[in-house]
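Trainee: fold the following for me, if possible:
(one chain, ligands or ions: 2)
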Amino acid sequence: MAAATLMTGWTEARVIWLRDKAKDCGFSLAGVAAADGRTEAEHVDGIRLKEWVDAGFSGEMEYLKRRAADGRLLRSGISVAIPWARSVVVCAMNYFGEGPLSLDTADAGAGWIGRYAWSGRQSETDPSRLCATDYHEVLLGRLRTLEGEIQAVMPCESRCYVDTGPLVERAAAARAGVGWIGKNTTVLNQAEGSWTLLASIITSLPVEASGYALDVADRCGTCTRCLDACPTDALIAPRQMDARRCIAYLTIEKKGPIDEGLREGMGRQVFGCDICQDVCPWNRRGPVAHDSEMLPRRELINPDLEWLAGLTSAEFRAWFKGSPLERTGKKRLHRNVAIAMGNSGEARFRERLQTWADAEDPVLAEAARWALARLDRLAPERL
Ligand code: SF4
Ligand code: SF4
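Mentor: Ligands and ions are numbered 1, 2, ... in the order given. This next block holds a predicted model:
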């Protein structure tokens, strides 16, 4: 389509054009959903979000509970926070770097860091090294390039968001035809699976009614593998998660001590959790991303817990500045490592845990004492 042709809304042809441009910008998938606050689907999404937040399932994630002056949740409909919004462009980027799954056999005493957080790019000063990247920055850069392309042919109001927008991105992704929402609550696409990260551009461009068919059929069928595999029973029903029980929330978002009843289920996960995606049959056929900004940093795959435990503040910064782990911080990471050490059954971690049991940080000290007791229960003969 000629770039000089100015357009004023999303038709089927314009969405096809967008998908091509999104691929040029480094995304795997893209689509457009109406966001005018009147669509039935958006209304239903808003009700679901309200019920979920009111039930307390969002835990300490205060940003999900923010409300507009009229009491509506800010994320319950895009036009609640952005009155000029008429549509949302949702893009997905595959991040499945080469490497094992979290359920594959690993060395005794290895932890697990969520796959998306392995990411790095070649260092400019030392090409033999990868330096940390954070998908927020990577996606935002690509989104701004795509926004520029849209603006060139369809001048409009627009705003780019990666995780921070006033919308439920996965609901918008499903309405934009990017995929269906799987029973594990991720967006699944037949070709890409669920190893994708979402980003969105809210625009003032209307979606033209006679445009294009968006609904992607739900292909979970009778499968319940993700629900069966979740070690903390966070998937309380298909497509319904109690985030307070989810290991990703517990290891990344939760401050202070972690509920004792959930610690055993956390297993060796120290940052994030990939289990309900590892077991999903749709991910068996998903492509490997050879993305120069999301290259897997080998040291972060199955990292030895003792290595993580021994990181000083300077070393933590050197490894994780500019990565998704930076915000979670060393303090919370070490709390998680203590729990994983307890779950490992490895007597070699006792020395570290005994040191931590007297730590100044009461949360770390308590986690270490719990882990020592757990080691006593798991492998008393090896102590
Ligand atoms: S990420 Fe892990 S803890 Fe969370 S729902 Fe999936 S399997 Fe359960
Ligand atoms: S594991 Fe099965 S039920 Fe769960 S998201 Fe994948 S296909 Fe759907």
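Trainee: so where does the residue nearest to Asp163 when sequence neighbours are not counted fall, helix or strand?
Mentor: Of all residues not flanking Asp163 in the chain, His136 sits nearest, at 6.5 Å (CB to CB, 6 or more residues apart in numbering). The C-beta positions use only the backbone N, C-alpha and C, and glycine is treated the same way. Element membership for His136 (DSSP states H and E) is helix 135-153.
Trainee: which residues does that helix contact?
Mentor: Contact partners of helix 135-153, identified using CB atoms under 8 Å, 6 or more residues apart in numbering, comprise 1, 3, 5-7, 17-18, 21-22, 25-27, 30, 89, 91, 93, 95, 116, 119, 156, 158, 160-163, 197, 199-201, 203, 293-294, 322, 324.
Trainee: the helices in the protein, which residues?
Mentor: 12-24, 40-54, 78-81, 135-153, 169-175, 225-229, 247-248, 260-266, 275-278, 305-309, 313-320, 325-344, 350-357, 362-378 (DSSP state H).
Trainee: export those to TSV and tack on mean neighbour count?
Mentor: Listed next are the helices of the chain as TSV, based on neighbours: other CB atoms under 10 Å:
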stretch	mean neighbour count
helix 12-24	17
helix 40-54	16
helix 78-81	21
helix 135-153	18
helix 169-175	24
helix 225-229	17
helix 247-248	24
helix 260-266	16
helix 275-278	22
helix 305-309	20
helix 313-320	15
helix 325-344	23
helix 350-357	17
helix 362-378	18
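Trainee: output those helices in JSON lines, with distance to Gly71 appended to each entry.
Mentor: Listed next are the helices of the chain as JSON lines, based on distance: least, CB to CB, whole Å:
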{"stretch": "helix 12-24", "distance to Gly71": "34"}
{"stretch": "helix 40-54", "distance to Gly71": "10"}
{"stretch": "helix 78-81", "distance to Gly71": "10"}
{"stretch": "helix 135-153", "distance to Gly71": "30"}
{"stretch": "helix 169-175", "distance to Gly71": "20"}
{"stretch": "helix 225-229", "distance to Gly71": "33"}
{"stretch": "helix 247-248", "distance to Gly71": "29"}
{"stretch": "helix 260-266", "distance to Gly71": "32"}
{"stretch": "helix 275-278", "distance to Gly71": "33"}
{"stretch": "helix 305-309", "distance to Gly71": "44"}
{"stretch": "helix 313-320", "distance to Gly71": "39"}
{"stretch": "helix 325-344", "distance to Gly71": "30"}
{"stretch": "helix 350-357", "distance to Gly71": "45"}
{"stretch": "helix 362-378", "distance to Gly71": "35"}
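Trainee: state the distance from Cys263 to Pro257.
Mentor: Not quite, residue 263 is Arg, not Cys. Between Arg263 and Pro257 the computed distance is 9 Å (CB to CB, to the nearest Å).
Trainee: got any ranges where the chain has weak pLDDT?
Mentor: Within the chain, the stretches with pLDDT under 70 are 1-7, 38, 209-215, 380-383.
Trainee: hmm, 50 instead?
Mentor: Residue ranges of the chain with pLDDT under 50: 1-4, 211.
Trainee: and for the residue in the stretch 1-150 of the chain that ligand 1 sits nearest to, the neighbour number?
Mentor: Per CB to the nearest ligand atom, Gly114 is where the stretch 1-150 of the chain lies closest to ligand 1, at 8.4 Å. If you count neighbours by other CB atoms under 10 Å, Gly114 ends up with 21.
Trainee: surely it is in contact with Phe271?
Mentor: Yes. Using CB atoms under 8 Å, Gly114 is in contact with Phe271, at 5.8 Å.
Trainee: show me the common contact partners of these two, please.
Mentor: By CB under 8 Å, 6+ apart, Gly114 and Phe271 have these common neighbours: Pro324.
Trainee: show me what from the stretch 51-200 of the chain comes close to ligand 1.
Mentor: Residues of the stretch 51-200 of the chain lying near ligand 1 by CB under 6 Å from any ligand atom: Asn184.
Trainee: ok, now with 8 Å
Mentor: Residues of the stretch 51-200 of the chain lying close to ligand 1 (CB under 8 Å from any ligand atom) are 184-185.
Trainee: quick one, strands of the stretch 151-300 of the chain?
Mentor: Here the stretch 151-300 of the chain has its strands, by DSSP state E, counting those that start in this stretch, at 158-161, 180-181, 187-188, 196-203, 235-237, 240-241, 269-271, 295-296.
Trainee: who wins for proximity to Ile252 among these?
Mentor: strand 269-271 (6.4 Å; CB to CB).
Trainee: so which of the helices of the chain is nearest ligand 2?
Mentor: Proximity to ligand 2 (CB to the nearest ligand atom) singles out helix 225-229 among the helices of the chain, at 3.3 Å.
Trainee: which elements pack onto the closest one?
Mentor: For helix 225-229, the packing partners by 3 or more CB pairs under 8 Å, 6 or more residues apart in numbering; DSSP states H and E come out as helix 275-278.
Trainee: contacts for the helix it packs on?
Mentor: Looking at helix 275-278 with CB under 8 Å, 6+ apart, the contacting residues turn out to be 101-103, 184, 186, 193-195, 226, 229-231, 235, 247, 269, 283.
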